[in-house]
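[1] Sequence plus predicted model, see below.
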Amino acid sequence: MLKEYKTDQIRNIVILGHGSTGKSTLFDAMLLMGKQIDKIGSPAQGTLTSDYDEEEKERQMSIRSALGFLEFNDVKINIIDTPGMSDFIGEARAATQVAEAAVLVVDSVDGIQIETEKAWRYLSEHSIPTIVFVNKMDKERASFDIIGKIRAGMGNNVVPVSIPIGSADTLKGVIDLVEMKARMPKGDGKDVTTTEIPADMKSQAESERAKLIELAAEGDDALIEKFLDGGELSDDEIRQGMKNQLFSAKLIPVVFGAALKSVGIKTLLNMIRDFVPAPPAGKEIKGVDPDDKSKELIVKAYSAGSFSAVVWKTYIDQYAGRFNYIKVISGELLPDSEMLNTTRNSKERASKLFTMVGNKQHEVPKLCAGDIGVIVKLEKTCTLDTLCDPKSPVKLPIIKVPQPVFSLAIESTKKGEEDKIGQVFSKITDENPTITYVYNAETKQTVLSGMGEMQLNIILKTLKEKYKFDVVTHEPRVAYRETITKKAEAQYKHKKQTGGHGQYGEVYLRAWPLERGGGYEFKDSIVGGVVPKQYIPGVEKGIKDGLEEGVLARFPVVDVAVELFFGSYHDVDSSEMSFRIAARSCLKKVFEAAGPILLEPIMEVDIHVDKEFMGDILNDITSRRGRVLGMGGSDESASGISVVKAQAPLAEMLRYAIDLRAMTSGKATFEMRFSHYDPISGKIAEKVIEERKKFFEEEANK
């Protein structure tokens, strides 16, 4: 069992970057130097520590985040390796939100690529301390000059903290600019040999160190004053300045190396230990009262407080059960503790506590505030849930993941298997909240949604091979809306005699359009009791019934105000139901006279694209009836990656994940979220109405 660590002895790191930059190899190299594994794994042989899933081994790529740890000079370093493909960005985003700093891996030749750029934007926007690790310096054409491209893409606060000794076939080690020593891997890569700087590199080392000292000095007023006055900073002052600058995300240290050869790993671990901030004790985190979401609760990240934690990852093993990966926010968690899951309002018990190295469990005596660990075999807990002390309930909405961008309608090939398939997908969505599986009552389809075609294909493959279910997939139908364009009014009398008490209710309704996104408003303007108060709820229920299906294509009606302004009743035959029926029928007449139109969902799209494809992207968006809102990103001297911000109809974006990959040879990615509804008319609207009519005819014939 591991020894206990306090909050100030913990460092939480997430490894991010583009696919094939060697993130998982770096993960192994760090674990090797921390003596957690005996050798660095190989993707081709399926022996990487973080890629333990059979699908990952087969595809030779990460599709899930993986946790590892090492003990290094009295500090516990938790490391989370993340996938580099956009289809699995949810794993990377969740992991980033529980780490205090990131190691951004950059290829020594390819430099800043699409996913690197996206990760950097996210880190920058959230002021997350970042260390760049330039990997594969043993690659042909690798050069220290890559620092210029990194600086152009990420800003002038990028500064090397090491220099490679050689490159490509001649790579031997690195010069540590903080300690001004040369380090070369020793033996199997678990340690290094430390020597003096080679004579022919002293001048370069001193020049680069001067740049480092200048940036470090800017982290403290006293230091910058001393520096500007020509004073020489001590090693301790330089370290303190670097720590301050990294903590405030104003310094981006760059470590050069080659993970496969254990070059630069000791320097990277020293950087993490000495300069990456520990989980901030006393930080105030906003939560909510689980019984009253409008009531804000403040949680302070102290070990002495009440226990609270967030679940940032769930992995369900076919044999070992459910693994919930947690970050302790406050207090501490001991084995055999009772916890409250405030997301699901259920009690859970943590029998034993673990940390992981890939898929291997290591038992820990406790988890303190700021630590990351794993609880096994909880009954109901899933990703994004909050666990806390039952005596101090709080819900912490800390982990946020991107919305799905690609969907498929799923239909079982055998009747009667729908519920069983739903149970499988329920487990999958428990693991990964970027996956949704829901029945859409409007379109009468069950829709599987995720971050990309590959992600959904992997899920469908699992469904077939592991669970033996065959399904067919279709393009999802779009859920349109209807609204009105002008004010109109109508009258309707519901009168029915069936012997005994009859039915009677008369209403006069007026409707007018609201602004887009206005929803629905009801106004009661009855005077003189022409419709008694006890029947008004029936009128409003009838109106809500009428809003469920419009008059054009039976889509829900939105953005309307409806006023009840006159009516009549019968002392004996009137009832709430009579007025409900009258209101529903009257509303249909109002809508027919109020200029009904169709509305289509418009999506907000962020496309990360290399400059060479920019023209194609812009033309394609226009061809999809979209409009470009703006462009931003790197210039010609930097990575050449830009972000195109656009809006486009959902109907035109259903296959965009596939089309974009084909259009750019996989060199572009996108994120998409709902924005608003816009009117459609003409042939487009006619086609939608015709298809909707055909759909209902097919449903009626089933």
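    Thanks, I have it.
[2] For stretch 171-183, the averaged confidence score.
    In this model, stretch 171-183 has a mean pLDDT of 96.
[3] An error on my part: the question was meant for stretch 320-329.
    95.
[4] That stretch: which residues count as buried?
    Burial within stretch 320-329, assessed by neighbour count using 16 or more other C-beta atoms under 10 Å, is assigned to 322, 323, 324, 325, 326, 327, 328, 329. Heads up, the C-betas are built off the backbone N, CA and C, glycines and all.
[5] Closest one of those residues to residue 239?
    Distance to residue 239, by C-beta to C-beta, is smallest for residue 327 among the buried residues of stretch 320-329, at 27.5 Å.
[6] Residue 241 is in contact with residue 221, isn't it?
    No - here residue 241 does not reach residue 221: they are 10.7 Å apart, not a contact under C-beta atoms under 8 Å.
[7] Spell out which helix or strand contains residue 70, please.
    Using DSSP states H and E, residue 70 maps to strand 66-72.
[8] In that strand, which residues are buried?
    Result for strand 66-72 [16+ other C-beta under 10 Å]: buried residues 66, 67, 68, 69, 70, 72.
[9] Does anything pack onto that strand? Which helices or strands?
    If you count contacts as 3 or more C-beta pairs under 8 Å, 6 or more residues apart in numbering; DSSP states H and E, strand 66-72 packs onto helix 23-33, strand 75-81, helix 265-275, strand 353-357.
[10] Please list all residues in contact with the most centrally placed residue in the chain.
    Nearest to the mean C-alpha position of the chain, by C-alpha atoms, centre = their mean, lies residue 401 at 2.4 Å. With contact taken as C-beta atoms under 8 Å, 6 or more residues apart in numbering, residue 401 is in contact with 90, 93, 94, 384, 433, 434.
[11] Equivalent analysis for residue 469, please.
    Neighbour list for residue 469: 412, 417, 420, 421, 424, 463 [criterion: C-beta under 8 Å, 6+ apart].
[12] That one looks like it's in a helix, true?
    No - assigned with DSSP: H, G, I helix; E, B strand; the rest coil, residue 469 falls outside any helix and is coil.
[13] So, low pLDDT: which residues of the stretch 451-600 of the chain?
    Across the stretch 451-600 of the chain, the ranges flagged by pLDDT under 70 are 499.
[14] quick one: which of the contacts of residue 401 sit in helices?
    Assigned to helices by DSSP state H, the following of these qualify: 90, 93, 94.
[15] Tell me the one of those nearest residue 495?
    residue 90 (57.0 Å).
[16] okay, the closest residue to that closest one other than its chain neighbours: pLDDT?
    In space, residue 90 comes closest to residue 434 once its chain neighbours are excluded; the distance is 3.3 Å by C-beta to C-beta, 6 or more residues apart in numbering. Per-residue pLDDT puts residue 434 at 95.
[17] ok, residue 434 to residue 280 distance?
    For residue 434, the distance to residue 280 equals 28 Å [C-beta to C-beta, to the nearest Å].
[18] The two: which has the busier surroundings?
    More neighbours surround residue 434 than the other of residue 434 and residue 280, with 23 against 14 (other C-beta atoms under 10 Å).
[19] Give me the contacts around whichever strand or helix holds residue 459.
    Under the criterion of DSSP H and E, residue 459 resides in helix 453-465. Contact with helix 453-465 is made by 55, 63, 85, 87-88, 406, 408, 421, 424-425, 428, 434-435, 448, 450, 469-471, 473, 657-658, 661, as judged by C-beta under 8 Å, 6+ apart.
[20] Tell me the helices and strands packed up against whichever helix or strand comes after that helix.
    Where DSSP H and E defines the elements, the next helix or strand beyond helix 453-465 is strand 471-474. Here strand 471-474 touches strand 406-412, helix 453-465, going by 3+ C-beta pairs under 8 Å, 6+ apart.
[21] Please name the strands paired to the first one in the sheet, noting orientation.
    This means strand 406-412. strand 445-450 (antiparallel), strand 471-474 (antiparallel) (DSSP bridges).
[22] quick one: that strand to helix 453-465, angle?
    Put simply, strand 406-412 runs at 20 degrees to helix 453-465, going by axes from the mean of the first three to the mean of the last three C-alpha atoms, to 10 degrees.
[23] Going by neighbour count, list what's buried in stretch 212-222.
    Buried residues in stretch 212-222, defined by neighbour count with 16+ other C-beta under 10 Å: 212, 213, 215, 216, 217, 218, 219, 220.
[24] Chain neighbours aside, what residue packs nearest to residue 191?
    According to C-beta to C-beta, 6+ apart, the nearest residue to residue 191 is residue 33 (7.2 Å).
[25] can you pull the contacts of residue 193?
    With C-beta under 8 Å, 6+ apart, residue 193 has these contacts: 173, 183, 184, 185, 186.
[26] List the beta-bridge partners for the closest residue to the last one other than its chain neighbours.
    I take that to be residue 186. Closest residue in space to residue 186, ignoring its immediate chain neighbours: residue 193 at 4.7 Å, by C-beta to C-beta, 6+ apart. Beta-bridge partners recorded for residue 193 (DSSP bridges): residue 184.
[27] oh, and call the first residue 44 from now on, that's how I've got it
    That works, and once the first residue is 44, the last one we named lands at residue 236.
[28] From residue 224, how far off is residue 236?
    Distance from residue 236 to residue 224, by C-beta to C-beta: 10 Å.
[29] do residue 633 as well
    82 Å.
[30] try residue 589
    78 Å.
[31] These two: who's more crowded?
    Taking neighbours as other C-beta under 10 Å, residue 589 and residue 224 compare with residue 589 leading, 25 against 16.
[32] Flag the least confident of the buried residues of strand 109-115.
    The member of the buried residues of strand 109-115 with the lowest pLDDT is residue 115, at 94.
[33] So what sits opposite that residue in the bridge?
    Beta-bridge partners for residue 115, by DSSP bridges, are residue 118.
[34] Wait, it touches residue 312, no?
    Yes - if you go by C-beta under 8 Å, residue 115 and residue 312 touch, sitting 5.5 Å apart.
[35] can you list residues touching both of these two?
    By the contact definition C-beta under 8 Å, 6+ apart, residue 115 and residue 312 are jointly contacted by residue 77.
[36] For residue 573, give me its contacts.
    Residue 573 sits next to 609, 610, 611, 612 when contact means C-beta under 8 Å, 6+ apart.
[37] which one of these is nearest residue 415?
    Closest to residue 415, out of all of the contacts of residue 573 and judged by C-beta to C-beta, is residue 610, at 63.7 Å.
[38] is that closest one in a bridge, and if so with what?
    Judged by DSSP bridges, the bridge partners of residue 610 are residue 550.
[39] Next one: it relative to residue 187, how far apart?
    The gap separating residue 610 from residue 187 is 83 Å, by C-beta to C-beta.
[40] For this protein, give me the ranges with low pLDDT.
    Applying pLDDT under 70 to the chain flags the ranges 542, 676-682.
[41] run the last query once more with 50
    For the chain, applying pLDDT under 50 flags the ranges 677-681.
[42] Show me which helix runs longest in it.
    If you go by DSSP H, the chain has its longest helix at helix 725-744.
[43] quick one: contacts of that helix?
    Residues from elsewhere that reach helix 725-744, judged by C-beta under 8 Å, 6+ apart: 487, 520, 523, 595, 596, 597, 598, 640, 641, 643, 723.
[44] okay but the residue nearest to residue 133 is in contact with residue 491, surely?
    No - Residue 477 is beyond contact range of residue 491, at 11.7 Å (criterion: C-beta under 8 Å).
[45] quick revisit: send me the strand holding residue 113 as PDB with only the CA atoms.
    Only the C-alpha atoms of strand 109-115 are listed here, as PDB (Å, rounded to 0.1, in the frame of the first residue of the first chain):
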ATOM      1  CA  ALA A 109      -5.800   6.500 -18.600                       C
ATOM      2  CA  LEU A 110      -4.500   7.300 -15.100                       C
ATOM      3  CA  GLY A 111      -1.000   6.600 -13.800                       C
ATOM      4  CA  PHE A 112       1.100   7.900 -10.900                       C
ATOM      5  CA  LEU A 113       4.700   8.000  -9.700                       C
ATOM      6  CA  GLU A 114       6.500   8.900  -6.500                       C
ATOM      7  CA  PHE A 115       9.300  11.400  -7.200                       C
END
